[in-house]
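The following block contains a protein sequence and its predicted model.
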Amino acid sequence: VVMLALSPVAARLVRRIGPELLLALASALLVSALIAAAFAPRAVPTMIVVMIVFGIGLAFGFASTPIIIMTSVPREQTAAANAVNQLSRSIGSTVAAAVVGAVLAASSTSLGGQPVPSTGGFTVSFLLAAVACAATVVIALCIPRRRGLYIAGQEG
């Protein structure tokens, strides 16, 4: 819901600050949400705020990444570049799910004789994701800015 609601905001931010800075902002929001998820009290109101901030980060990241990719390749290679983007997202999601699953399994505890993930396992998982997002902040800030190429219909 947050991602859908923020689509128009993301489009305006792309035009105002460029997709490179928006990607850095998105990743910084994800880092802050993940660190909060790792250390904040696990109360429902707190987690709602964390998930809203996380959703904002995702919305801005998903809005900026395709623009960066599409404006960085020749027009005749945009289909291939988009396919690589989608494949990279799929592989990244799969690897991340496997890592989190392994961390949670390795840190499980027993509850009523049944293994359940420990709070520590979730904390480690959130922190690993925060490190990956922090790396994305640095990478996004290193992408050369290409002003004026992001307005729909404008020739690049």
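On my side now, so go ahead.

Nearest residue to V49 in space, please, no chain neighbours.
Distances taken as CB to CB, 6 or more residues apart in numbering place A36 nearest to V49, at 7.8 Å, with adjacent residues excluded. All C-beta atoms are positioned from the backbone trio N, CA, C, and that covers glycine.

immediately after the strand or helix carrying the one you found, which helix or strand?
Assigned by DSSP states H and E, A36 belongs to helix 19-39. On the C-terminal side of helix 19-39, the closest following helix or strand by DSSP H and E is helix 44-70.

Output the contacting helices and strands for that next one.
Helices and strands touching helix 44-70, as assessed by 3 or more CB pairs under 8 Å, 6 or more residues apart in numbering; DSSP states H and E, comprise helix 2-5, helix 7-17, helix 19-39, helix 78-106.

Turn the ones you listed into TSV, including mean pLDDT and distance to F54.
Shown next, in TSV, are the helices and strands packed on helix 44-70 (pLDDT from 0 to 100; distance: least, CB to CB, whole Å):
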stretch	mean pLDDT	distance to F54
helix 2-5	84	8
helix 7-17	92	15
helix 19-39	97	4
helix 78-106	95	14
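
so what pLDDT did the residue most central in space within the chain get?
Closest residue to the average C-alpha location of the chain: L58 at 4.8 Å, with CA atoms, centre = their mean. L58 is assigned a predicted lDDT (pLDDT) of 94.

gap between it and A81?
Shown here: L58 relative to A81, a distance of 21 Å by CB to CB, to the nearest Å.

quick one: contacts for A59?
A59 sits next to 2-3, 6-7, 9-10, 26 when contact means CB atoms under 8 Å, 6 or more residues apart in numbering.
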